[in-house]
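Undergrad: What would the 3D arrangement of this be:
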Amino acid sequence: RIRERRGNTSGVTAPSNIYRDKEGRWLVISGSSQSTVQRLFATMGQPELIKDPRYATNERRLEHDEELVAKVQAWVGERSRDEVLELLAKADVVCGPVNTAADIVVDPHFVARSLVSGHSRFVGDLVATGRMIQFGSLEPFVLRDSPGVAEHTDEVMADWLGS
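TA: So this is what the prediction gives:
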């Protein structure tokens, strides 16, 4: 069977989607197991949902995914992303932020692992991703500008023409 596009849902477990908080920031929540979904519903203050025939099993939740996503969205939409992530982490519910570029450049993990600062004559000071996989034997990643128009013409022509 060839899987079709599903947007942000997994099509395998429900609820699994991205949700927008009250400040417009996004996070992902995955109901990856029956016990995870039970903890999610309890954290939402709606533990009775697991007894609702529409949401009692993963198969039934998948059949009613849109309405379940709406319930989770309503709960998330009343809170900040940080509050939701903290509550769900305490409940051991699979979740995480959907980071923007602004989030990434201040995230201690990204800064320590893969971000490099530099200066481009074209755009000024900037931050960009370096190597995502780190090896101690590699030289540090250096952010370099692209060449300017015709910047290396003389060198290339001398090499090609032998002069």
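
Undergrad: which residues of this protein fall in helices?
TA: 34-43, 58-63, 65-76, 81-90, 101-104, 108-113, 153-161 (DSSP state H).

Undergrad: For the shortest one, what is the distance to the chain centroid?
TA: For helix 101-104, the separation from the chain centroid amounts to 11 Å (computed by Cα atoms, centre = their mean, to the nearest Å).

Undergrad: Contacts for that helix, please.
TA: 97, 110, 115 (Cβ atoms under 8 Å, 6 or more residues apart in numbering). (Each C-beta comes from the backbone N, C-alpha and C, glycine too.)

Undergrad: which regions of the protein sit below the pLDDT cut-off?
TA: 3, 5-7, 163 (pLDDT under 70).

Undergrad: Spatially central, which residue of it would that be?
TA: residue 98 (3.6 Å; Cα atoms, centre = their mean).

Undergrad: show me what contacts it?
TA: Residue 98 touches 18, 25, 26, 27, 28, counting by Cβ under 8 Å, 6+ apart.

Undergrad: Got phi/psi on it?
TA: Backbone torsions of residue 98, given as degrees, to the nearest 10, read phi -100, psi 110.
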